[in-house]
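Chemist: Please find the sequence and the predicted model below.
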Amino acid sequence: MLLYTLDLFGTAVFAISGAWLACRKDMDIFGAMVLAFVTAVGGGTIRDVLLGATPVFWVQDHDYVMVILASTLLAILVRRWHERTHHLLLISDALGLAVFTVIGVTKALAFGASPIVAVMMGVLTGCGGGAIRDLLSGEVPLVLKKEVYAFAAMAGGAVFVTLESHIGVNEATLLSAGLVLLLRLLAMYKKLSLPRFDLPPVAR
Amino acid sequence: MLLYTLDLFGTAVFAISGAWLACRKDMDIFGAMVLAFVTAVGGGTIRDVLLGATPVFWVQDHDYVMVILASTLLAILVRRWHERTHHLLLISDALGLAVFTVIGVTKALAFGASPIVAVMMGVLTGCGGGAIRDLLSGEVPLVLKKEVYAFAAMAGGAVFVTLESHIGVNEATLLSAGLVLLLRLLAMYKKLSLPRFDLPPVAR
Amino acid sequence: MLLYTLDLFGTAVFAISGAWLACRKDMDIFGAMVLAFVTAVGGGTIRDVLLGATPVFWVQDHDYVMVILASTLLAILVRRWHERTHHLLLISDALGLAVFTVIGVTKALAFGASPIVAVMMGVLTGCGGGAIRDLLSGEVPLVLKKEVYAFAAMAGGAVFVTLESHIGVNEATLLSAGLVLLLRLLAMYKKLSLPRFDLPPVAR
């Protein structure tokens, strides 16, 4: 129940970030809705499709769509607050990432995925929406290039699949979501980044 | 039966627009086929996948693939007519949008989607193919930026889910498809556009 | 069994090509993993989703994920060998294309697809991963623009569906995979290309 509430909260936060990117990209109100939508449910949707959990979650549970529509309208109304709420949004986004990751891992395990595939599904649930948002805006997904965004989800997911059978689902959820949140905030405020491996540009 | 014929007609029109974009983008004949294909069935395919209606419609019904292959070859043969048929193609495209939208809404309702999700599926069926076509060509989907394309589908879908249980499916189909067509033609010839909400560009 | 081994081999080769592109595109190690992953299983994943063969193959069979992770690490470790192994990689890639195509056609037929749709599924299995890799890197998919890559898969797939019921699956597999390999190598070393059909650039 708490997890469901946090899930809807994360959905709202992701939707707002999508809607604001649409504003910056000179899209119309429909573009803002689409970008809000794919950012909020894109990752979970791909997860459901890959697992065969169809109709996908937001077709089955009406609440997600309502939350996204309301958040998009709110985001457009208060778009002047964009800079003032920058930090609040980043922190909320980290919380959303944590919740989405744990939900993704849990659902994949329930569909019989192995632990390592379940972690991947957690990362996909947390990061997939933002990646599609970037693609639709004509950019290389930020998650492939910058900061420890996906790594935080991966670490949290790994902790979850390791602990879940030992300490109970609720405790594992709390610990792993907390880890994602912590890593993500550290990455943002300490400017951590994963190593890069350079190759000279070559013709293909 | 009429709807099925119109569906194949819309498929052909969308395929031609995809093939011609491929020509302009310096792709080869295979690129033209791919772009024709995703433009014609991309939206409906994503709809089927999200609803769990698999194998998707064109795997089950062979006709769509045959229509697309024939249209692509035709489009390549008569590509010099490109400018002369510009208006005809735009009007046919509007008709295709209308038909695809109604079919998408109907199918989503049949799979138990709520009215609001059904409208979204209608918009996706009508606009999704063109969006993928643009992405594959390296452009931000036009539908996110310009004209009342998606809005026409949304309005038509909303009218369909509202009226369908009151006046019968055939009447609702006719009315809502007509509305999509009307709005789309108005948008094209009167240069209507949805409001945009500007944010100054900011660093992320 | 041989086919399964070759399938894993093709998976490894495609993963390496994805990882090296990520290095060249200034992505981090997570970006390299993602690009390796989508290149290796992207085509087969879309095929499974369209056919309704879910959970998709790599969720059901753990080996693919392990092969991809190992190949990605290997690719990063030996990335200095990039130029030296150029020809070897291209030839391995052609072999991967041949194997993936035949597997795709076979699976589609098993799910009741018509011969022509089965050929498309073969092409998708062989070429889809590379196309997503290019999209995620911010480029127009190479397969739409250059060389007889997709055409080789198409020809091999057509031969397979034609011969399969006459000469047995194993013989058809060998013949069609050999044809893909041959056409692809000819295309690379003889610089064959499909005809292009030019249209003057026009405003949309």
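Modeler: Okay, I see it.

Chemist: Next, whatever residue of chain A ends up closest to chain C: phi, psi?
Modeler: The nearest approach of chain A to chain C comes at residue A:52, 2.8 Å away (CB to the nearest CB). No exception for glycine: its C-beta is placed from N, CA and C like everyone else's. The phi and psi values for residue A:52, taken as degrees, to the nearest 10, are phi 80, psi 20.

Chemist: and if you look at residue A:139?
Modeler: Dihedral angles for residue A:139 - degrees, to the nearest 10 - are phi -120, psi 160.

Chemist: which residues does it contact?
Modeler: Contact analysis of residue A:139 by CB atoms under 8 Å, 6 or more residues apart in numbering or on different chains lists residue C:138.

Chemist: gap between it and residue A:119?
Modeler: From residue A:139 over to residue A:119 the distance is 26 Å, taken as CB to CB, to the nearest Å.

Chemist: Quick check: closest non-adjacent residue to residue A:54.
Modeler: Nearest residue to residue A:54 in three dimensions, chain neighbours excluded: residue B:52, at 2.8 Å (CB to CB, 6 or more residues apart in numbering or on different chains).

Chemist: do residue A:158 as well
Modeler: With CB to CB, 6+ apart as the criterion, residue A:158 has its nearest non-adjacent residue at 5.5 Å, and that residue is residue A:119.

Chemist: which SS state does the closest residue to chain B within chain A fall under?
Modeler: Closest approach between chain A and chain B, counting by CB to the nearest CB: residue A:54, at 2.8 Å. Under DSSP: H, G, I helix; E, B strand; the rest coil, residue A:54 falls in the coil class.

Chemist: mind listing what the residue nearest the centre of chain A touches?
Modeler: Residue closest to the average C-alpha location in chain A (CA atoms, centre = their mean): residue A:126, at 3.0 Å. Applying CB under 8 Å, 6+ apart to residue A:126 gives the contacts A:43, A:96, A:97, A:98, A:100, A:101, A:104, A:150, A:153, A:180.

Chemist: Kindly report the same for residue A:185.
Modeler: A:91, A:94.

Chemist: Buried residues in the helix or strand where residue A:176 lies, which are they?
Modeler: Per DSSP states H and E: residue A:176 is located in helix A:169-190. Using 16 or more other CB atoms under 10 Å in any protein chain shown as the test for burial, helix A:169-190 gives A:172, A:173, A:175, A:176, A:177, A:179, A:180, A:181, A:183, A:184, A:187, A:188.

Chemist: pLDDT (mean, whole number) over the helix ranked longest in chain A?
Modeler: Secondary structure of chain A read by DSSP state H shows that its longest helix is helix A:86-110. Helix A:86-110 carries an average pLDDT of 89.

Chemist: Hmm, residue A:173 is touching residue A:159, no?
Modeler: No: counting by CB atoms under 8 Å, residue A:173 does not reach residue A:159; the two are 10.3 Å apart.

Chemist: still on that earlier bit, and the residue of chain A closest to chain B, what is it in contact with?
Modeler: By CB under 8 Å, 6+ apart, the neighbours of residue A:54 are A:48, B:49, B:50, B:51, B:52, B:54, C:54.

Chemist: By neighbours, which of these wins?
Modeler: Ranked by neighbour count (other CB atoms under 10 Å in any protein chain shown), the contacts of residue A:54 have residue A:48 at the top, with 27 neighbours.

Chemist: what's near enough to touch residue A:35?
Modeler: Each residue near residue A:35 by CB under 8 Å, 6+ apart is listed here: A:18, A:19, A:21, A:22, A:25, A:27, A:133, A:136, A:137, B:144.

Chemist: rerun that using 7 Å as the cut-off
Modeler: Contact analysis of residue A:35 by CB atoms under 7 Å, 6 or more residues apart in numbering or on different chains lists A:18, A:19, A:21, A:22, A:27, A:133, A:136.

Chemist: quick one on the thing from earlier: just the closest of the contacts of residue A:54 to residue A:73, please.
Modeler: residue B:50 (23.5 Å; CB to CB).

Chemist: Isn't the closest one up against residue A:56?
Modeler: Yes: contact status for residue B:50 versus residue A:56: in contact at 5.2 Å, counting by CB atoms under 7 Å.

Chemist: the helices in chain A, which residues?
Modeler: A:2-24, A:29-51, A:57-60, A:63-77, A:86-110, A:115-136, A:149-167, A:169-190.

Chemist: Residue B:112: which of those helices is closest?
Modeler: Per CB to CB, nearest to residue B:112 of these: helix A:57-60, 8.0 Å.

Chemist: and the closest one, how far out from the chain's middle?
Modeler: Taking CA atoms, centre = their mean, to the nearest Å, the mean C-alpha location of helix A:57-60 is offset from the chain mean by 17 Å.

Chemist: residues from chain A in reach of chain B?
Modeler: A:20, A:23-24, A:26-31, A:34, A:45, A:49, A:54-56, A:59, A:62, A:65, A:76, A:79, A:82-83, A:135-138 (CB under 7 Å from any CB of the partner chain).

Chemist: show me what contacts residue A:67?
Modeler: With contact taken as CB under 7 Å, 6+ apart, residue A:67 is in contact with A:8, A:11, A:12.

Chemist: Let me see the contact set for residue A:69.
Modeler: With CB under 7 Å, 6+ apart, residue A:69 has no contacts at all.

Chemist: gap between it and residue C:142?
Modeler: Residue A:69 is 39 Å from residue C:142, where distance means CB to CB.

Chemist: same question, residue A:9
Modeler: From residue A:9 across to residue C:142, the span is 41 Å (CB to CB).

Chemist: And for residue A:170?
Modeler: Applying CB to CB to residue A:170 and residue C:142 gives a distance of 48 Å.

Chemist: One more: residue A:164?
Modeler: Applying CB to CB to residue A:164 and residue C:142 gives a distance of 42 Å.

Chemist: ok, now residue A:166?
Modeler: 47 Å.

Chemist: Give me the more crowded residue out of those two.
Modeler: The neighbour comparison of residue A:166 against residue C:142 (other CB under 10 Å) goes to residue C:142, with 15 against 8.

Chemist: what's around the closest residue to that one other than its chain neighbours, how many residues?
Modeler: Using CB to CB, 6+ apart and skipping the chain neighbours, the partner closest in space to residue C:142 is residue C:134 (5.6 Å). For residue C:134, the number of neighbouring residues by other CB under 10 Å comes to 22.

Chemist: And residue C:134, what's its pLDDT?
Modeler: According to the prediction, residue C:134 has pLDDT 86.

Chemist: I'd like to check which residues are in contact with the nearest residue to residue A:120 once chain neighbours are set aside.
Modeler: Distance criterion CB to CB, 6+ apart; nearest residue to residue A:120, sequence neighbours excluded, is residue C:65 at 7.3 Å. Residues near residue C:65 by CB under 7 Å, 6+ apart: A:116, A:117, C:58.

Chemist: Using neighbour counts, give me the buried entries of those.
Modeler: The neighbour count (16+ other CB under 10 Å) marks A:117, C:58 as buried among the contacts of residue C:65.

Chemist: Output the contacts of residue C:65 in JSON lines; the columns should cover pLDDT and distance to residue B:2.
Modeler: Below are the contacts of residue C:65 laid out as JSON lines (pLDDT from 0 to 100; distance: CB to CB, whole Å):
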{"residue": "A:116", "pLDDT": "92", "distance to residue B:2": "52"}
{"residue": "A:117", "pLDDT": "94", "distance to residue B:2": "46"}
{"residue": "C:58", "pLDDT": "94", "distance to residue B:2": "43"}
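
Chemist: re earlier: which residues are in contact with both of residue B:50 and residue A:56?
Modeler: In contact with both residue B:50 and residue A:56: residue A:45, using CB under 7 Å, 6+ apart.

Chemist: Next, residue A:141: phi, psi?
Modeler: Main-chain dihedrals, residue A:141, degrees, to the nearest 10: phi -50, psi 130.

Chemist: Let me see the contact set for it.
Modeler: Applying CB under 7 Å, 6+ apart to residue A:141 gives the contacts A:131, A:134, A:135, C:136.
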